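Undergrad: Give me coordinates for this.
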Amino acid sequence: MKVSVIVTAAGSVVGEGIIKCLKLANAAKSKHANYEIIALEMSPLGAGLYRADRGILVPSPESPNFVDKVIEICKGYSVKAIFVGSDEELMALAVEAERIEDESGARVITNSSEIVSTGKDKWKTYEFLKKENFPRAESALPDNRNEFVRMFGFPVIVKPREGHGSEQFHIVNNEEELNQAVASIERAGMRAVLQEYLDAKDAEFTTGIVLNKGGTSVLSSISMRRILKHGQTYKAFVQDYSTVRKSAEEVAMKLGSRGPLNIQSRIVGGEPKIFEINPRFSASCPIRAASGVNEPDIIIRDQVLGEKIELEPYREIVCLRYWNEVYVPYDSFLKLSDNQKIEDSGSFIPDYF
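TA: Residues are numbered from 1 along each chain as shown. Purely as a prediction, here's the structure:
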């Protein structure tokens, strides 16, 4: 069965990861659907535009025409589902999800705007975890920095409330560095939050959780221990981290998740302490798919196709990430730039590694 889907921000690590997952699903021997992938991006330099079935340029999510353009594309290609590939587009599409589905029939694969708001803001995340009494990294706002330091001492983590990756991420060791970090974040037009430094070497985990459409049961749950580079998972170890998974599952159920959810934690004293909840697909979702838990495929089969999901046990693997390249014929690049859309780009990836 052919199912047309959109992947936004096709040049981002998250968007490219979703495309990888959908292509893995298409290549599977027991595939349930054949996904026709329509990649959206603001710039013709997004690699995913040339690795999808179609690539289309769209306005930025801040543009008043962004949602209208997405709806137009959904109608034109009978799109069944929209996968969101960036934090910047997440709220814009979550807020308009009902309208998009009413006007085009396409389901936005996301959580509610309330959950997105909680997950995107690290202070709101902390308030939720504290209210529900989940183990967490203690946090504070800059106005309470002196009291926080008296309680927890240095080092302290300082980062944007609504940042991602390693952008404006600071580990500070004294009062002067703390003040400089807060000022740097505020100069960049963001708000800062302080977090307890969790000294747990080689014990950082990222966990992907998918609940069913009704939010009553866990469809998939998979954790990986990770080594970071520039804020992204660089090396990953997928095993049965049952304590970490159980903690994340409980958070997802209490939060009321209905879409993709990624929970980050560190084990301190044998207990997972959560420090971030990302209400979207993770850039590491293709690693999970390679081990047997293809989250984009699972969600669309549950929420759009209405299938009963039964997963086999996933494989325990080690992922070693590396750089790779996509090559695009120059006339294809010019065609997309001029016409705002492209099919059959002729892009290629040499099998040289």
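
Undergrad: got the contact list for the residue of the chain positioned farthest from its centre?
TA: Computed with C-alpha atoms, centre = their mean, the maximum C-alpha offset from the centroid of the chain is found at Arg150, amounting to 34.6 Å. Contacts for Arg150 (C-beta atoms under 8 Å, 6 or more residues apart in numbering) come out as none. Backbone N, C-alpha and C define where each C-beta goes, glycine included.

Undergrad: Work out for me the element it sits within.
TA: Taking DSSP states H and E as the criterion, Arg150 maps to helix 145-152.

Undergrad: That helix: which residues count as buried?
TA: Neighbour-count burial for helix 145-152 flags 145, 148-149, 152 (criterion: 16 or more other C-beta atoms under 10 Å).

Undergrad: ok, so of those residues, who is nearest Gln239?
TA: Within these, the smallest distance to Gln239 is 30.7 Å, found for Phe152 (C-beta to C-beta).

Undergrad: And the pLDDT for the residue lying closest to the closest one once chain neighbours are set aside?
TA: Distance criterion C-beta to C-beta, 6 or more residues apart in numbering; nearest residue to Phe152, sequence neighbours excluded, is Glu196 at 5.3 Å. Note on Glu196: pLDDT of 95.

Undergrad: now Gly269
TA: 87.

Undergrad: list the contacts for it?
TA: With C-beta under 8 Å, 6+ apart, Gly269 has no contacts at all.

Undergrad: How about the one 4 residues further on?
TA: Applying C-beta under 8 Å, 6+ apart, one finds that Lys273 lies in contact with 135-137, 198, 265-267.

Undergrad: Of the residues you listed - the most surrounded one?
TA: Ser265 (30 neighbours; other C-beta atoms under 10 Å).

Undergrad: would you list every one of the helices in the stretch 1-150 of the chain?
TA: All helices of the stretch 1-150 of the chain, identified by DSSP state H, counting those that start in this stretch, fall at 13-27, 66-76, 87-95, 97-104, 113-120, 122-131, 145-152.

Undergrad: can you tell which of those helices is closest to Gly214?
TA: helix 113-120 (15.1 Å).

Undergrad: tell me how far the closest one is from the chain's mean position?
TA: Distance of helix 113-120 from the chain centroid (C-alpha atoms, centre = their mean, to the nearest Å) equals 13 Å.

Undergrad: Counting by contacts, list what that helix packs against.
TA: helix 87-95, helix 122-131, strand 271-278 (3 or more C-beta pairs under 8 Å, 6 or more residues apart in numbering; DSSP states H and E).

Undergrad: hey, C-alpha coordinates of it in PDB?
TA: Extracted C-alpha coordinates of helix 113-120, given in PDB (Å, rounded to 0.1, in the frame of the first residue of the first chain):
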ATOM      1  CA  SER A 113       0.700  22.000  21.900                       C
ATOM      2  CA  GLU A 114       0.600  21.800  25.700                       C
ATOM      3  CA  ILE A 115       3.000  18.800  25.800                       C
ATOM      4  CA  VAL A 116       5.200  20.500  23.200                       C
ATOM      5  CA  SER A 117       5.300  23.700  25.300                       C
ATOM      6  CA  THR A 118       6.300  21.600  28.400                       C
ATOM      7  CA  GLY A 119       9.000  19.700  26.600                       C
ATOM      8  CA  LYS A 120      10.500  22.600  24.700                       C
END
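
Undergrad: Tell me who's in contact with the residue nearest to Phe152.
TA: Glu196 neighbours (C-beta under 8 Å, 6+ apart): 137-139, 152, 156-157.

Undergrad: Tell me the backbone dihedrals of it, please.
TA: phi -60, psi 140 (degrees, to the nearest 10).

Undergrad: what do you get for Ile171?
TA: Residue torsions, per degrees, to the nearest 10, at Ile171 are phi -110, psi 110.

Undergrad: ok, now which ones touch Leu22?
TA: Counting by C-beta under 8 Å, 6+ apart, Leu22 touches 5, 7, 35, 37, 83, 296-297.

Undergrad: low-scoring pLDDT stretches of this structure, where are they?
TA: 165 (pLDDT under 70).

Undergrad: all strands for the stretch 151-300 of the chain, in order.
TA: Here the stretch 151-300 of the chain has its strands, by DSSP state E, counting those that start in this stretch, at 156-160, 170-172, 192-196, 204-211, 218-229, 232-238, 261-268, 271-278.

Undergrad: how about those in a markdown table, adding distance to Arg99?
TA: A markdown table is the format used below for the strands of the stretch 151-300 of the chain (distance: least, C-beta to C-beta, whole Å):
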| stretch | distance to Arg99 |
| --- | --- |
| strand 156-160 | 30 |
| strand 170-172 | 39 |
| strand 192-196 | 32 |
| strand 204-211 | 24 |
| strand 218-229 | 27 |
| strand 232-238 | 33 |
| strand 261-268 | 23 |
| strand 271-278 | 24 |
